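S.K.: only geometry, no sequence info:
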């Protein structure tokens, strides 16, 4: 099991890079699905089985089906890279490297605290209580955001018919 974690982490990183690197939106979406499934495997290897199942059902299942449906509905074409896009890609890579150097010490400190034996609370009951008491506004806002995104995608895909 200890060997499986680094392999899944490497696949997660490579699939995340594939999401950004591919020019074809369908290939990017498929890499995103692979990334979400790999994250579910990482959750399962950390004994967070509820999060692993939710990751598969909600994100890799429902959300990505919606994304693929919208991509097919909009009939998005592959774009050719321009000189400006190559420059922006280099700037984004530098910004990502800067972010990575800033976040690694913070993550290292968090993992050290986790290794010390801090109590882990993540039962289904605890998540439900937090979600519907302390974070109910954020939960409702995320639902409204998803609804707005769905309506926007339908409006973008809608074609006007003249002469009816």
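M.R.: Received the coordinates, thanks. Only a predicted model underlies this, so the values are computations on that prediction, with no experimental measurement involved.

S.K.: pull out the buried positions in whichever strand or helix holds residue 146.
M.R.: Residue 146 belongs to helix 136-157 when assigned by DSSP states H and E. Buried positions in helix 136-157, judged by neighbour count with 16 or more other Cβ atoms under 10 Å: residue 153. Where C-beta positions appear, they are placed from N, C-alpha and C, glycine not excepted.

S.K.: what comes into contact with that helix?
M.R.: If you take Cβ atoms under 8 Å, 6 or more residues apart in numbering as the criterion, helix 136-157 is touched by 66, 70, 73, 74, 131, 132.

S.K.: could you flag which of those residues are buried?
M.R.: residue 70.

S.K.: which ones among the contacts of helix 136-157 lie within helices?
M.R.: 66, 70, 73, 74, 131, 132 (DSSP state H).

S.K.: can you pull the contacts of the fourth one?
M.R.: Residue 74 is in contact with 153, 156, 157, counting by Cβ under 8 Å, 6+ apart.

S.K.: how near is residue 149 to residue 155?
M.R.: The gap separating residue 149 from residue 155 is 11 Å, by Cβ to Cβ, to the nearest Å.

S.K.: same thing with residue 59?
M.R.: Distance, residue 59 to residue 155, using Cβ to Cβ: 24 Å.

S.K.: buried set for the strand or helix carrying residue 31?
M.R.: Assigned by DSSP H and E, residue 31 belongs to helix 25-45. Under the neighbour-count criterion of 16+ other Cβ under 10 Å, helix 25-45 has 25, 28-44 buried.
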